[in-house]
Structures are given as C-alpha cells and as structure tokens.
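Enquirer: just need the structure, nothing else, for what follows:
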Amino acid sequence: MEPVDRPGESRLERKKKETRRKIITTALDLFRRQGFDNTTMEQIAEKADIARKTLYNHFPVKEAIVDEYMRDISSELAGKTMESIKKLPDTRSRLMAALDKAYQWVENNPEFTGICLGYRMKNMCRGSKDESAEKGTRSIVSEIIRLGQENGEIRRDFPVSVLATQIDILRSAVVLDWLKDMSKFELRRKMAGVIDLFLNGATNRKNADQTKG
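Expert: Take a look at the predicted model:
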C-alpha cells in the first residue's frame, strides 16, 4: 500500500515518506520469507540499502514497522468503508459492516495482528501517547457513534471518544482471546456479539423481561 502524497509537502518530507515506505516494504518481505523472529533490524537496513542509524531514526524496533503497516491498512479499509456505511439504516448495521470488513483482514493476518497488539499494549503501559488513535477502524467507529447520537439511537451524555474507547477495549479483548486459540471461535462472528454487548449491555434481556413481568 502506497500512502498518498499531500499537496504542499516539502522535498524533505517526501524523502522521509519514501524512506519509510521502502523500509516497510523491505521488512514485510523479510518477515514473510524468513519469519518475524528470524529477521533483525540490521538485515532490514542492509536489504533496504540504508544506514542502520537511518532505520532506527524512523523505527526504534521492528514491531513498530508492523504497527505502522497495520495502521496504513486500517486507514485504507476505513476510507473504502466510510461512505458505504452511511447508507445503512442504523447504528448496529453500520458497526457490523465496519468491523466485519476490518476483521476479515485480521483473520487472514493473525501473526502481524498479535505483534501489533503486543507492541501497542507495551506502549500504553509506558504511557506513550498514540498519535494515530483517531485513524483507521477507530475513526469509523467514532463516526458511527456520532451518527447514532444525532439520530437518537445512542445516548448523548457520554462523548463519542469515551464510547469509542469502550468498543476498542471490547474488541481488543476478543482479539487477544482469539489469538490464544484461533479454533475457539470465529472472530468476525464474535465481533457481532461485541456490538450487541456495546449496544444492549451485559444484562440478560430475557431474564430482565421475565422479572419485569
């Protein structure tokens, strides 16, 4: 995937972007051919024909390369999905469509998903700020919640960012569980349960109805 150049970018900015693209492409090729654990930063630098200092200036560790690659994929999927979900009738159907599309890719790339999640969790524990939090799937989820609030489907006493974070926590927990044993359940079907849990809460609706009766 090739990020789009922005109008007004300086020559230096374009050069940095080209170098990052080259690093990511080279690293992914090595990861796929010889395995993530068997690939070193030195090998990536040599294969990309750049100085090791240049590589480390862009990415401190190889996990960061996978993280940026997945953010690019997520942003690309978000761009393709955003307009189509607005045509759907309600919040549930929009969330279903958005997450199904995103996690179809995850199902096909479990190794990169595990590497990326582990890296992000380490950064969170260190208190690092996520500069890309509002991109990709998160941006779609936030927009869907905003639309739901406008239509009166979603409560308005909590900001969009808080509600989007709740979905983030739920879906991350499901993915981590799935990565432990991918035969345990179908990921995209489980995400449908995450949506129901977010929209309806953890209350057993059948029992609640019987109690009211």
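Enquirer: state the distance from Arg32 to Val175.
Expert: According to Cβ to Cβ, to the nearest Å, Arg32 and Val175 sit 21 Å apart. C-beta: built from backbone N, CA, C; applies to glycine.
Enquirer: likewise Phe158?
Expert: Note on Phe158: its distance to Val175, by Cβ to Cβ, is 24 Å.
Enquirer: break the protein into its domains for me.
Expert: Following automatic domain parsing, one gets these domains for the chain: 9-59, 63-212.
Enquirer: how about low-confidence regions in this structure?
Expert: 1-8, 128-134, 205-213 (pLDDT under 70).
Enquirer: swap the cut-off to 50 and go again
Expert: The chain contains residues with pLDDT under 50 at 1-3.
Enquirer: quick one, helices of it?
Expert: 11-34, 41-48, 52-58, 62-85, 91-108, 110-125, 137-150, 160-180, 187-200, 205-212 (DSSP state H).
Enquirer: okay, the ones you listed, which one's buried deepest?
Expert: Highest mean neighbour count among the helices of the chain (mean count of other Cβ atoms under 10 Å): helix 137-150, with a mean of 20.
Enquirer: same for it, what does it pack against?
Expert: helix 62-85, helix 91-108, helix 160-180 (3 or more Cβ pairs under 8 Å, 6 or more residues apart in numbering; DSSP states H and E).
Enquirer: make CSV out of those helices and add distance to Ile50.
Expert: What follows is those, written out as CSV (distance: least, Cβ to Cβ, whole Å):
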stretch, distance to Ile50
helix 62-85, 13
helix 91-108, 28
helix 160-180, 32
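Enquirer: might you report the residue contacts of the residue lying closest to Ser74 once chain neighbours are set aside?
Expert: Using Cβ to Cβ, 6 or more residues apart in numbering and skipping residues adjacent in sequence, the residue nearest Ser74 is Gly136, 2.9 Å away. Applying Cβ atoms under 8 Å, 6 or more residues apart in numbering to Gly136 gives the contacts 71, 73-75, 77-78, 102.
Enquirer: torsion angles phi and psi at Gly136?
Expert: Main-chain dihedrals, Gly136, degrees, to the nearest 10: phi 60, psi -140.
Enquirer: if I look at the spatially closest residue to Gln149 that is not a sequence neighbour, how far off is Glu150?
Expert: Nearest non-adjacent residue to Gln149, counting by Cβ to Cβ, 6+ apart: Arg156, 5.0 Å away. Going from Arg156 to Glu150 by Cβ to Cβ gives 9 Å.
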